[in-house]
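what's the 3D shape of this:
(one chain, ligands or ions: 1)
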Amino acid sequence: MTTAPKPFASGTAQRFLTGITTSGTPHLGNYVGSIRPSVAASKGAGAESFYFLADYHALIKCDEPERIQRSTLEIAASWLACGLDPERVVFYRQSDIPEIPELTWLLTCVTGKGVLNRAHAYKASVDKNEAAGHDPDADVTAGLFMYPVLMGADILMFKAHQVPVGRDQIQHIEMARDMAQRFNHLYGDHLVLPEALIEESVATLPGLDGRKMSKSYDNTIPLFSSRDQLKKLIAGIVTDSRAPGEAKDTEGSALFQIYQAFATEAETAAMRKAYADGIAWGDAKAMLLNRIDQDIAPMREHYESLINNPAKIEAILQAGGEKARALSAPFMRELRHAVGLRKLAAPAAPVKQKSAKAATAGFKQYRESDGQFYFKLVGSDGKLLLQSLGFAAPRDAAQAIASLQQQGEAALAALADRLAPQEGVGPDEISAALKQLRHAAD
Ligand code: TRP
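The predicted model follows:
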């Protein structure tokens, strides 16, 4: 048994949540861009991480049952083989949580249709149809149209603060925020407003043809190919026609970029020198094969054993589903009550003051146009109490907030050089707000 901190008891830690659509086989791009950083982050102290298999979302783009099932198995096995510890995080399957579609409906009823009209994925389909002279909604399912609402339910159900996603998903997180805001405005303060967490440092990996590695370009290298398959695929990476002995450009070289995503700095420097010294492409490919395999081989065995034991993965997902439902079931009861889906014998609660929401102090994290990440603490009366300076990474800002939330005043001194002084704000006002926040979380 691991001595995993009993998560989710306290409301103070920053909660991270992300979903993986189960419609494909994980490739090296998924590993470098999502699995590896997420698994690393889940090992950090103080974070509560929720990872789930978004199989309801998969139905929107895939109508092959066998593929959905196979992909769910492969993705679950991949994350576990890459070191995700299901004891430390909540790892579950979306469709095991019946409260998610239930919340989807409540959110559907507070989401403007016009807002969904503007969602990128839906709009792209409409634009394509219009360009082709078809009906704008030709072949567009209501599932595609509703995609952002289902995603909002995923996030809001578990009160996630931070949602690590790729840039293409930012709009969905903003929509989830808007849904939460609207819901809270109508029914009282129930939902947590989430933020997108964009990891700038994470590489997008080029694929075999040099474009971004993506299933839709058919240029991927499966994460758990055998060494032989890996070798064949790497042989197909596009290079230029420079002969052995001729110096080669690292700039724009897919081979070099993939190598770099796996190598240490020293190894990358050595490869850069090898390029300058005219390494033969065949030799560079052999080095890439060895470097990738060095990382993947130890996990491959674990992956194979998991894939061949679906019952074990199923049991892990069931256990994760139970942890998740311990939160979602009571929360859904609260939300049903809030909107008026109540037992008739239950006394009608006095209507919650809509303005009650403004009565607690709170942190707000945001990004400025300078690309940096900031936070502020606003008092219960709406007064600005603390204003941070810019942080390079959203995680650093989140960590500062978490330390203020957890340690209150005691964390102020350590953060002194990260905070801009506010005129006319007394230290007692700040400490009162921090205290209030800690009590609110108890
Ligand atoms: N839409 C996300 C993607 O394609 C997957 C997803 C579904 C998700 N639900 C989510 C991501 C909730 C973050 C949070 O990448």
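
residue ranges with poor pLDDT in this structure?
Where the chain drops to pLDDT under 70, the residues are 1-12, 349-359, 369, 440-442.

Which residue is the nearest non-sequential neighbour of the residue in it that the ligand sits nearest to?
As assessed by Cβ to the nearest ligand atom, the ligand sits closest to residue 19 within the chain, at 3.0 Å. All C-beta atoms are positioned from the backbone trio N, CA, C, and that covers glycine. Residue nearest to residue 19 in three dimensions, not counting chain neighbours: residue 54, with 3.8 Å by Cβ to Cβ, 6 or more residues apart in numbering.

Who are the contact partners of that neighbour?
19, 20, 21, 22, 94, 151, 154 (Cβ atoms under 8 Å, 6 or more residues apart in numbering).

Which residues of the stretch 1-150 of the chain lie near the ligand?
17, 18, 19, 21, 54, 57 (Cβ under 6 Å from any ligand atom).

Tell me which of these fall in helices.
With helices taken from DSSP state H, the overlap with these comprises residue 57.

In strands, which of the residues of the stretch 1-150 of the chain next to the ligand fall?
Among those, DSSP state E puts 17, 18, 19, 21, 54 in strands.

Looking at those, which two lie furthest apart in space?
Using Cβ to Cβ, the pair of these lying farthest apart is 17 and 21, separated by 14.4 Å.

more crowded one of those two?
residue 17 (25 against 18; other Cβ atoms under 10 Å).

If you tally nearby residues, what's the number for residue 199?
17.

quick one: contacts for the residue nearest to the spatial centre of the chain?
Taking Cα atoms, centre = their mean, the centroid of the chain lies closest to residue 164, which sits 2.9 Å from it. Contact analysis of residue 164 by Cβ under 8 Å, 6+ apart lists 16, 18, 34, 37, 38, 41, 197, 198, 199.

And residue 432, by the same measure?
No contacts exist for residue 432 under Cβ under 8 Å, 6+ apart.

helix, strand or coil for it?
helix (DSSP: H, G, I helix; E, B strand; the rest coil).

begin at 36 from here
Right, with 36 as the first residue, what we last looked at is residue 467.

where along the stretch 336-477 of the chain do the strands fall?
397-402, 408-413, 419-423, 454-455 (DSSP state E, counting those that start in this stretch).

could I get those as a markdown table with distance to residue 103 and mean neighbour count?
Converted to a markdown table, the strands of the stretch 336-477 of the chain look like this (distance: least, Cβ to Cβ, whole Å; neighbours: other Cβ atoms under 10 Å):
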| stretch | distance to residue 103 | mean neighbour count |
| --- | --- | --- |
| strand 397-402 | 35 | 16 |
| strand 408-413 | 37 | 20 |
| strand 419-423 | 44 | 19 |
| strand 454-455 | 49 | 14 |
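
Need the ones you listed in a markdown table (columns: distance to the ligand).
Listed next are the strands of the stretch 336-477 of the chain as a markdown table, based on distance: least, Cβ to the nearest ligand atom, whole Å:
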| stretch | distance to the ligand |
| --- | --- |
| strand 397-402 | 17 |
| strand 408-413 | 19 |
| strand 419-423 | 26 |
| strand 454-455 | 31 |
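
how about these in TSV, adding distance to residue 470?
Converted to TSV, these look like this (distance: least, Cβ to Cβ, whole Å):
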stretch	distance to residue 470
strand 397-402	13
strand 408-413	12
strand 419-423	12
strand 454-455	18
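
Please name whichever of these is nearest to residue 329.
Comparing these by Cβ to Cβ, strand 408-413 comes nearest, at 34.2 Å.

Return the distance of that closest one from the chain's centre.
Strand 408-413 has its C-alpha centroid displaced from the chain centroid by 21 Å (Cα atoms, centre = their mean, to the nearest Å).

quick one, that strand and strand 419-423 angle?
Relative orientation of strand 408-413 versus strand 419-423 (axes from the mean of the first three to the mean of the last three Cα atoms, to 10 degrees): 160 degrees.

And the contacts of strand 408-413?
For strand 408-413, contacts defined as Cβ under 8 Å, 6+ apart pick out 396-403, 419-429, 431-432, 435-436, 439, 465, 468-469.
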